[in-house]
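**Q** 3D, please:
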Amino acid sequence: MKKTIIFLALIAMGFIGCEKDDICDANTPTTPRLVIEFYDVTNPALLKNVTNLKVTGTGMDTPVLFNPTATTDLEKYRITANTISLPLRINGVNTQYSLELNSGNGNPALIVTDTLDFNYTTRTEYVSRACGYKTLFTLNPSDSAKPPIVINNTVGSQTGKWIKTIQILQSNIDTENETHLKIFF
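**A** Numbers count the residues shown, from 1 in each chain. The predicted structure is shown next:
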């Protein structure tokens with residue numbers, strides 16, 4: 001009888017000592033990126049591909065990685081597409097990106113850079129023990145002291161201005177399943 005009680009106590013202790021696997025499922029939503037779609041300024045209903053776009057964050061040594069399996073830096077950091085997703089800084093209230101159109105073009109006069117300055121507030125939300133926390137963003141209201149997006153079209157002595165206008169579709173950046181901004185060029 002005593003052996004049975006000891007055996008049951010050991011089994012019970014074994015179950016009490018077990019922990020759930022702390023593996024964050026890849027499908028669990030975490031900190032979302034800002035989703036941007038590009039449109040034709042002359043036909044605002046038409047999505048338009050940006051050609052050889054290179055995006056670099058202020059203070060970053062390397063541009064945003066769009067094609068991780070590419071073999072050359074030009075292919076890794078450039079994209080031709082009508083939609084991109086960019087991460088925002090979670091430890092601040094501002095992120096700045098330079099968007100270079102026609103990056104790598106042999107004619108330097110065709111390479112144009114505009115800088116976007118995103119201003120927002122953050123809030124942290126608990127996801128799970130395995131995944132931890134995620135940061136959600138809200139672009140500042142347009143009537144605030146710092147507007148949600150500022151376009152700086154001058155880089156050095158060259159004026160960019162390939163981005164004509166920006167439309168905010170969703171100021172709350174809670175998911176990557178929706179478009180947050182439309183850029184017309």
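**Q** Now do the contacts for K182.
**A** By Cβ atoms under 8 Å, 6 or more residues apart in numbering, the contact list for K182 reads I36, E37, F38, Y39, I166, Q167, L169. Any C-beta I mention is one placed from the backbone N, CA and C, and that applies to glycine too.
**Q** Spatially, and excluding backbone neighbours, which residue is closest to it.
**A** Q167 (4.3 Å; Cβ to Cβ, 6 or more residues apart in numbering).
**Q** so the one you found sits right up against I149, yeah?
**A** No - checked against Cβ atoms under 8 Å, the pair Q167 and I149 is beyond contact range at 10.0 Å.
**Q** With neighbour numbers in mind, choose between these two.
**A** I149 (17 against 12; other Cβ atoms under 10 Å).
**Q** can you pull up the bridge partners for the more buried one?
**A** With DSSP bridges as the criterion, I149 is bridged to F118.
**Q** State the distance from it to T58.
**A** 14 Å (Cβ to Cβ, to the nearest Å).
**Q** One more: L86?
**A** Distance from L86 to T58, by Cβ to Cβ: 12 Å.
**Q** which sections of this structure are below the confidence cut-off?
**A** Scanning the chain for pLDDT under 70 picks out 1-21, 154-160.
**Q** Please, where are all the strands along it?
**A** In the chain, the segments counted as strands under DSSP state E are 34-40, 43-47, 50-57, 78-81, 83-86, 94-101, 112-128, 132-139, 149-152, 154-155, 158-159, 165-168, 172-173, 181-184.
**Q** Perfect, that will be all.
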